[in-house]
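S.K.: Structure for the following, please:
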Amino acid sequence: MANQENARFGIMGLGVGSSRAKMAAQADGADLVVVCDLQESKVKQRADELDCEWTTDYQAMFNRDDIDAIGVFTPSGTHCRFAREALEAGKHAFTTKPMDVSLEACDKAIAAQDEAGKILAVDFGMRYTRLFHRVREAVQSGRIGRIVLGDLRMKWYRTQSYYDGGWPPGWRSRRDTEGGSAANQGVHSIDLLQWLMGSVQTVQGRRGTFAHEIDTEDCSVGLLTFKNGAFGVIQTTTCSYPNLGTAIEISGSKGTITLDGSNLVRYEIEGEKEPSIRDIDAGEGLPRNIIEDMVGAVRGERPPMVDGREGRKSVAVFNAIYQSSDTGEIIDMDSF
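M.R.: Numbering: from 1, shown residues only. Sure, this is the predicted structure:
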């Protein structure tokens, strides 16, 4: 039986959404009320596993009065459409990454959030990791000196079958539903890079399709200038064989921080023999995931880690890379 003091969740889309539904079923302060997916056999099975209701009709879920927050885990180009509809139905809403593939869709969802007076959040899992909060504090506080360069290298491998698959089949291959290696695979790290480094001022980009039969890109490169004067480089591809993973490196005038995926592999500061990132107080009391984050936000205890306006920033960066590639222009992010 649901606890009326708990935040009550509905989860839409049971790819990545399956893990978030499980989180909602298990998290303190949360109740999983209903899961929704177009595949009836799949949604029935998840509902049985998680002891909740199910539906294939998302509008029926949005119209229920026993749900506080809707999680949207559908193809990327539909995130903000469904989040906006949930907000207009009086629900809080959160999406998986990216917030969407278009800035217009993001702006409409943010406007719906403002109009409804509800919460709109984006699920960027790395924002819940204490290590990254410590790294951000080290960068922003000047521990490694004046920031000079922040670079992201994401070299992943995806087969053609990956793009042909999914549900509905082929959504990952289309520009309007997936967006490309920067928008889909790279966006977690793009969000992390801009959060660590600070606001982006300009973007110059190139994109191309090299190894897959898709109408989106499988390789992109961005050259950034941050508002603090530092430079940045973003490389994303799904053509790299073997898969080489993701690395972020931040260079300052007094030191360097290197991340290999979720692991810190270098933290060196000039004049310090064995500096420890663990000595930095940051990230205490963090929610562990988007469900815990939304529970706190719905209860009014704190804002979500990544709200709609913050989630829009990474969408702006990858769209600027794409637009710059198409036009040859350097994009000023203040007007983007």
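S.K.: where's K155 relative to A60, distance?
M.R.: 43 Å (Cβ to Cβ, to the nearest Å). To be clear about C-beta, it is placed using only N, CA and C from the backbone, and glycine gets the same treatment.
S.K.: Could you find the closest non-adjacent residue to the residue lying farthest from the centre of the chain?
M.R.: The C-alpha centroid of the chain is most remote from G271, which lies 36.4 Å away (Cα atoms, centre = their mean). Leaving aside its chain neighbours, G271 sits nearest to K254 (7.7 Å; criterion: Cβ to Cβ, 6 or more residues apart in numbering).
S.K.: now G29
M.R.: Nearest one to G29, counting by Cβ to Cβ, 6+ apart, is V295 at 4.2 Å.
S.K.: number of nearby residues for that neighbour?
M.R.: Neighbours of V295 under the rule other Cβ atoms under 10 Å: 22.
S.K.: From what I see, it and A27 are in contact.
M.R.: Yes. The pair V295 / A27 is scored as a contact, 6.5 Å apart, by Cβ atoms under 8 Å.
S.K.: thinking again about what came up before, what's the residue farthest from the centre of the chain sitting at in phi/psi?
M.R.: The phi/psi pair for G271 (degrees, to the nearest 10) reads phi 90, psi 0.
S.K.: and what of D28?
M.R.: The phi/psi pair for D28 (degrees, to the nearest 10) is phi -60, psi 140.
S.K.: follow-up on the earlier one: who's more crowded, K155 and A60?
M.R.: When neighbours are counted by other Cβ under 10 Å, K155 and A60 differ, and K155 comes out ahead with 19 against 11.
S.K.: I'd say that one and N243 touch.
M.R.: Yes. With contacts counted by Cβ under 8 Å, K155 reaches N243, the gap being 7.2 Å.
S.K.: Which helix or strand contains the residue nearest to G29?
M.R.: helix 290-298 (DSSP states H and E).
S.K.: so for whichever helix or strand comes after that helix, what's the average pLDDT?
M.R.: Going down the chain from helix 290-298, the next helix or strand is helix 308-327, by DSSP H and E. The average pLDDT within helix 308-327 is 98.
S.K.: for helix 308-327, which positions count as buried?
M.R.: 308, 310-325 (16 or more other Cβ atoms under 10 Å).
S.K.: so how far is S173 from the residue farthest from the centre of the chain?
M.R.: 51 Å.
S.K.: again, but for A89
M.R.: 31 Å.
S.K.: ditto for K254
M.R.: For K254, the distance to S173 - Cβ to Cβ - is 45 Å.
S.K.: same deal with R158?
M.R.: For R158 relative to S173 (Cβ to Cβ), the value is 10 Å.
S.K.: I290 too?
M.R.: For I290 relative to S173 (Cβ to Cβ), the value is 27 Å.
S.K.: quick one, which of the two is more surrounded?
M.R.: I290 (28 against 20).
S.K.: Skipping adjacent residues, who's closest to the more buried one in space?
M.R.: D123 (4.1 Å).
S.K.: Can you report how many residues lie near the one you found?
M.R.: Counted with other Cβ under 10 Å, D123 comes out at 27.
S.K.: Looking at strand pairing, list the partners for it.
M.R.: For D123, the beta-bridge partners under DSSP bridges are T96.
S.K.: Can you tell me how far it is from Y322?
M.R.: 23 Å.
S.K.: shouldn't C52 be in contact with V34?
M.R.: Yes. Look at C52 against V34 with Cβ under 8 Å: they come within range, at 5.9 Å.
S.K.: Looking at those two, which has the bigger crowd around it?
M.R.: V34 (23 against 20).
S.K.: Just the C-alphas of stretch 140-152, formatted as CSV.
M.R.: The C-alpha coordinates for stretch 140-152 follow below in CSV (Å, rounded to 0.1, in the frame of the first residue of the first chain):
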residue,chain,number,x,y,z
GLN,A,140,36.5,26.2,-9.4
SER,A,141,38.5,27.0,-6.2
GLY,A,142,41.7,27.4,-8.1
ARG,A,143,43.5,24.5,-6.6
ILE,A,144,45.1,23.6,-9.9
GLY,A,145,45.6,27.3,-10.8
ARG,A,146,44.2,29.2,-13.7
ILE,A,147,42.2,26.8,-15.9
VAL,A,148,43.8,26.6,-19.3
LEU,A,149,42.2,23.7,-21.1
GLY,A,150,39.4,21.1,-20.6
ASP,A,151,39.2,18.3,-23.1
LEU,A,152,36.7,15.4,-23.6
